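Novice: Here is my input, please return the structure:
(one chain, ligands or ions: 1)
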Amino acid sequence: MLKLIKVINFINGEYLEPINKNYIDNYNPASGEVYSKIANSDKNDVDLAYISAKNALPEWSNKTIQERAEYLYKIADILESRIDEFAEAESYDQGKPISLAKSMDITRSIHNFRFFAGAILHHEETSSNFNKNFLNYTSRKPLGVVGLISPWNLPLYLLTWKIAPAIACGNTVICKPSEFTSMTAFMLGDVLIKANLPKGVCNIIMGTGSNVGNEIVSHPKIPAISFTGGTKTGQTIASITAPHFKKLSLELGGKNPNIIFNDANLDDCINTTIRSSFLNQGEICLCGSRIFVQENIYDEFLERFIKATENLIVGDPKNVDTNIGAIVSEQHLNKIKSYIDIAEKEKCEILYGGDKPNLNKQFEKGYFIKPTIIKSNNNKCRLMQEEIFGPVVTITKFKEENDVIEMANDIDYGLSATIWTENLSRAHRISELLDCGTVWVNNWMTRDLKVPFGGTKNSGIGREGGKHSIDFYTEIKNICIKY
Ligand code: NDP
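Specialist: Coordinates of the predicted model:
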């Protein structure tokens, strides 16, 4: 029998088996077959990683920002030289199309390191002598050993969005990727070795959330946690960390409105709405899964949107022409299907999709589903209120501006929103009224890494990006001198 590759821990600059020697099966989502083994680590491995991170902290935090930035640039360069290898691995492990893994996931991971190398070099502190005879200035220090926990939808992209600013600021880290998608985090260890990153600065522990994740979050000596994942897990983490006053960044779920007015540029809008609905199999927290269309363009929009959806190629993630790959896991596919199954009960109508695409025999056991469009007139139904996190959108007609603002805000989530209109004052007015962390007008998911990123309500606490990440990963002190 073929020996399966073991995805093991990266501690103190070395690859190590989990101390308990336990492993979890790792599946290829396109074939449904086990293709590797993931270390099922536990407290002992987290403790080892903590010692390694703690020992590395004094030297790392005392390096100049130029020295730390150089390491980040080097990591980015090595990753870039291996972009095809990483894209192939990400696609195979997660199920996403290889073209997307290359153009989005790995490209952005490289950019994360370059961006935060630059951000730390260009960061300036404030000072004030406005009060006569007094000088105030601020000074920053890293937090120490920081815990970083990331989800399965954008595996390396979201993990490096945390590692890069954390280590740029002089912290050392213990990371836990999702047990469903640990492969590229495992491969990153080798990049860190090649970049000569000092041992112990970045430790990566594989395993489950309830075990390794929980050990990191509840570790008494880890003062800060940056977490991206589901709202329920975020609540658990908040309840564990609150009594210890740990610094916490929570980037959680979304159920984002995509609001299309009758003066929208429909060509642009439909092209982008196809992406905002189904990119990465709809497994992006920023996807616009609730589409609201003004009544006098509703029929035209619907006809064109369904036609464009029919043209999407669902299937082999390795095929460069594929638009929609496999869902990450059987468990998640079943969750998506369970929502499609309640459509009738919720008096919603499936206008397109909802079933499995016809694919070759090799994908028979893979986790595929067609992009799905569901018509709904009830903003309170579960399909419109709960995060499905798959290639499923609801579509709802609206009459007036006020109606749609009310529906858009009448939800527990507040991550992002998209508005389509050529009316500038309406764009500004509605952007102000939407209760969420990001609004895109006539575009979607255009990311400038300087801008604040995060959500309101159940979509999380805090902002990351540019100086907001530097704020999170450092402790700031004000010093006031009389002269
Ligand atoms: P989960 O919350 O299930 O898991 C996220 C990470 O947390 C995983 O590494 C998981 O480990 C770990 N984890 C699980 N339980 C615990 C625990 N008790 N303590 C510590 N860690 C734990 O989310 P998913 O992986 O399912 O990701 C999808 C979710 O992420 C969606 O809700 C999506 O909206 C959200 N998301 C938010 C983004 C944002 O920026 N706001 C961006 C991307 C996704 P394991 O998987 O091994 O169990």
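
Novice: And the helices in the stretch 351-483 of the chain?
Specialist: Assigned helices in the stretch 351-483 of the chain, in chain order: 382-385, 401-409, 424-433, 466-472 (criterion: DSSP state H, counting those that start in this stretch).

Novice: so what strands line up beside the helix-or-strand element of the chain with minimal mean pLDDT?
Specialist: Sorting the helices and strands of the chain by mean pLDDT, DSSP states H and E puts strand 127-128 at the bottom, at a mean of 94. Using DSSP bridges, the strands paired with strand 127-128 in its sheet are strand 134-142 (antiparallel).

Novice: average pLDDT for the strand it pairs with?
Specialist: On average, the pLDDT along strand 134-142 is 97.

Novice: Would you tell me which of the helices of the stretch 351-483 of the chain gets closest to Leu143?
Specialist: helix 466-472 (8.7 Å; Cβ to Cβ). To be clear about C-beta, it is placed using only N, CA and C from the backbone, and glycine gets the same treatment.

Novice: CA-only coordinates of the closest one, as PDB, when you get a sec.
Specialist: Once side chains and other backbone atoms are set aside, the C-alpha atoms of helix 466-472 remain, and they are given as PDB (Å, rounded to 0.1, in the frame of the first residue of the first chain):
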ATOM      1  CA  GLY A 466      -1.800  47.900   8.100                       C
ATOM      2  CA  LYS A 467      -1.500  50.000  11.300                       C
ATOM      3  CA  HIS A 468      -4.500  48.100  12.800                       C
ATOM      4  CA  SER A 469      -2.500  44.900  12.800                       C
ATOM      5  CA  ILE A 470       0.500  46.700  14.200                       C
ATOM      6  CA  ASP A 471      -1.900  48.000  17.000                       C
ATOM      7  CA  PHE A 472      -3.100  44.500  17.700                       C
END
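
Novice: Who are the packing partners of it?
Specialist: Counting contacts by 3 or more Cβ pairs under 8 Å, 6 or more residues apart in numbering; DSSP states H and E, helix 466-472 is packed against helix 107-122, helix 155-168.

Novice: In a markdown table: those, plus distance to Ser416, mean pLDDT and mean neighbour count.
Specialist: Output for the helices and strands packed on helix 466-472, formatted as a markdown table (distance: least, Cβ to Cβ, whole Å; pLDDT from 0 to 100; neighbours: other Cβ atoms under 10 Å):
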| stretch | distance to Ser416 | mean pLDDT | mean neighbour count |
| --- | --- | --- | --- |
| helix 107-122 | 17 | 98 | 21 |
| helix 155-168 | 15 | 98 | 27 |
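
Novice: Dump these to TSV, plus distance to the ligand.
Specialist: What follows is the helices and strands packed on helix 466-472, written out as TSV (distance: least, Cβ to the nearest ligand atom, whole Å):
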stretch	distance to the ligand
helix 107-122	12
helix 155-168	6
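
Novice: now these in a markdown table, with distance to Met384?
Specialist: As requested, these are exported to a markdown table (distance: least, Cβ to Cβ, whole Å):
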| stretch | distance to Met384 |
| --- | --- |
| helix 107-122 | 30 |
| helix 155-168 | 26 |
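
Novice: Nearest to Lys54, out of the helices of the stretch 351-483 of the chain?
Specialist: With Cβ to Cβ as the yardstick, what comes closest out of the helices of the stretch 351-483 of the chain is helix 466-472 (20.2 Å).

Novice: Please list the residues outside that closest one that contact it.
Specialist: For helix 466-472, the external contacting residues (Cβ atoms under 8 Å, 6 or more residues apart in numbering) are 116, 119-120, 123, 140, 165, 169, 224, 226, 247, 249, 449-454, 462-464.

Novice: hmm, 6 Å instead?
Specialist: Ala119, His123, Pro165, Ser249, Lys450, Pro452 (Cβ atoms under 6 Å, 6 or more residues apart in numbering).

Novice: Check stretch 335-346 too.
Specialist: Where contact means Cβ under 6 Å, 6+ apart, the residues beyond stretch 335-346 that reach it are Ile350, Gly354, Ile374, Cys381, Leu383, Ile388, Gly390.

Novice: How about stretch 146-164?
Specialist: Taking Cβ under 6 Å, 6+ apart as the criterion, the residues outside stretch 146-164 that touch it are 105, 108-109, 112-113, 116, 166, 171, 173-178, 180-181, 184-185, 202, 213, 216, 222, 224-229, 283, 328.

Novice: Point out the residues in the stretch 1-150 of the chain that sit beside the ligand.
Specialist: On the criterion Cβ under 6 Å from any ligand atom, the ligand has as its neighbours in the stretch 1-150 of the chain the residues Ile149, Ser150.

Novice: Counting neighbours, which bits of the longest helix seen in the chain end up buried?
Specialist: If each helix of the chain is counted by residues according to DSSP state H, the longest one is helix 43-61. Residues of helix 43-61 classed as buried under the neighbour-count rule (16 or more other Cβ atoms under 10 Å) are Lys43, Asp45, Val46, Leu48, Ala49, Tyr50, Ser52, Ala53, Ala56, Leu57, Trp60, Ser61.

Novice: Same check on stretch 350-367?
Specialist: For stretch 350-367, the neighbour count (16+ other Cβ under 10 Å) marks Leu351, Tyr352, Gly353, Gly354, Lys356, Pro357, Phe363, Gly366, Tyr367 as buried.

Novice: what does the stretch 201-350 of the chain put close to the ligand?
Specialist: Neighbours of the ligand within the stretch 201-350 of the chain, by Cβ under 6 Å from any ligand atom: 208-210, 213-214, 217, 228-230, 233, 236-237, 251-254, 285.
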